[in-house]
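Visitor: sequence and predicted model, in that order:
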Amino acid sequence: MIFIIHENKEWLSPFEEALTALGAPFTLWYVPEMNFNLMDVPPEGIFYNRMSASSHSRNHRYEPELALGILEWLKRHQRKVVNGSRALDLEISKIRQYQALEKFNIQAPPTFASVRKQTLLEGSDDISFPLISKHNRAGKGLGVYKFSDKTSLENYINSAGFESSPDGINLLQKFIQSPTETIIRMEFVNGKFLYAVEVDTSEGFELCPSDSCQVESNCPTGDIQKFRILKDFKIPNLSSYEEFLAVNDIGIAGIEIIKDATGKVWTYDVNTNTNYNPLAEELAGISAPKAVARYLQSLNNQR
């Protein structure tokens, strides 16, 4: 049996359809409605963790903490978990993500972190402008704003509209200018590179590719296709990303990078609850949900 641990039902239909088409047995563990007894023994099976860093935006603020406990419970009983507790730990903390990436010489943009919003102004001197604000625990680009000078940043920090990260840790990060106003999201399944998708960021930073995100984020609409799968994508250190995933127990992920005017690659997000854009996949003739389903089915068959 394949168990999918999640907190957003709207994101699951592509995976349910792919698993059903394969005839793979699966069931859903919806964390907002879960309890678990530490004295119980978990069922046999393969467990796929899809807990999201943006869960707080759906009134699921504490579900990641509960999920971490569930994952530790599964680990204690030696169950096979795809994207285990280490993956979730990195999912909900950008500052832990960036330091884990640096161990593999994968460079993140210069970043300053603080739990006191007034010290962000001091930190901006270290980062320099232009820069962006960020939540340490976010998702979908929530809380990301660009500032060109200290006055605009100060006005935002002191305004009623200031948005703090749900974990209280707010970030400033060097703004990396892409000449094409795009970012690239590399998708990995079974810890291996599957494809890269180019995303248009000209209208903002909310980049969730799922159909269910289209209304309130910078996602594809009927008029503009913002996601395009790249053919023959290559970067020199692609194997370093696969090594990073292997060491950190991440089987399925989307890793977002941006290239500056010199062609240098900067890595700014690791998403272990990755979603996929169906129109871009249809145009490219590739399906990540089907690849995920085959991967989970193979693990289940190996038990």
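Guide: Yep, that arrived.

Visitor: end-to-end on stretch 26-43?
Guide: One end of stretch 26-43 sits 12 Å from the other (C-alpha to C-alpha, to the nearest Å).

Visitor: what's the distance between the most far-flung residue of the chain relative to its centre and Leu74?
Guide: What lies farthest from the middle of the chain is Met39; by C-alpha atoms, centre = their mean that is 32.0 Å. Separation of Met39 from Leu74 (C-beta to C-beta, to the nearest Å): 15 Å. To be clear about C-beta, it is placed using only N, CA and C from the backbone, and glycine gets the same treatment.

Visitor: how far does stretch 107-115 sit from the chain's center?
Guide: How far stretch 107-115 lies from its chain's middle: 17 Å, per C-alpha atoms, centre = their mean, to the nearest Å.

Visitor: ends of that stretch, what's the gap?
Guide: 24 Å.

Visitor: spit out the contact partners of Glu44.
Guide: Counting by C-beta atoms under 8 Å, 6 or more residues apart in numbering, Glu44 touches Met1, Arg79, Arg303.

Visitor: just say helix, strand or coil for it.
Guide: Secondary structure state of Glu44, per DSSP: H, G, I helix; E, B strand; the rest coil, is coil.

Visitor: pretty sure Ser143 contacts Ile132?
Guide: Just so we're on the same page, residue 143 is Gly rather than Ser. No. Using C-beta atoms under 8 Å, Gly143 is not in contact with Ile132; the gap is 9.5 Å.

Visitor: for the contacts of Glu44, which one is nearest Asp260?
Guide: Minimum distance to Asp260 across the contacts of Glu44 is 42.6 Å, recorded for Arg79 (C-beta to C-beta).

Visitor: how about the contacts made by the closest one?
Guide: Contacts of Arg79 were listed using C-beta under 8 Å, 6+ apart, and they are Pro42, Glu44, Gly45, Phe47.

Visitor: neighbouring strands - and their directions - for the helix or strand hosting the last one?
Guide: Under the criterion of DSSP states H and E, Phe47 resides in strand 46-49. Strand pairing for strand 46-49, determined by DSSP bridges: strand 2-6 (parallel), strand 80-82 (parallel).

Visitor: list the contacts of that strand.
Guide: Residues outside strand 46-49 that contact it (C-beta under 8 Å, 6+ apart): 1-5, 67, 71, 74, 79-84, 87-88, 252, 272, 296, 299-300, 303.

Visitor: now the buried members of these.
Guide: The neighbour count (16 or more other C-beta atoms under 10 Å) marks 2-5, 67, 71, 74, 79-84, 87-88, 252, 272, 296, 299-300 as buried among the contacts of strand 46-49.

Visitor: export the contacts of Glu44 as CSV, with columns for pLDDT and distance to Pro289.
Guide: Converted to CSV, the contacts of Glu44 look like this (pLDDT from 0 to 100; distance: C-beta to C-beta, whole Å):
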residue, pLDDT, distance to Pro289
Met1, 97, 19
Arg79, 98, 23
Arg303, 82, 22
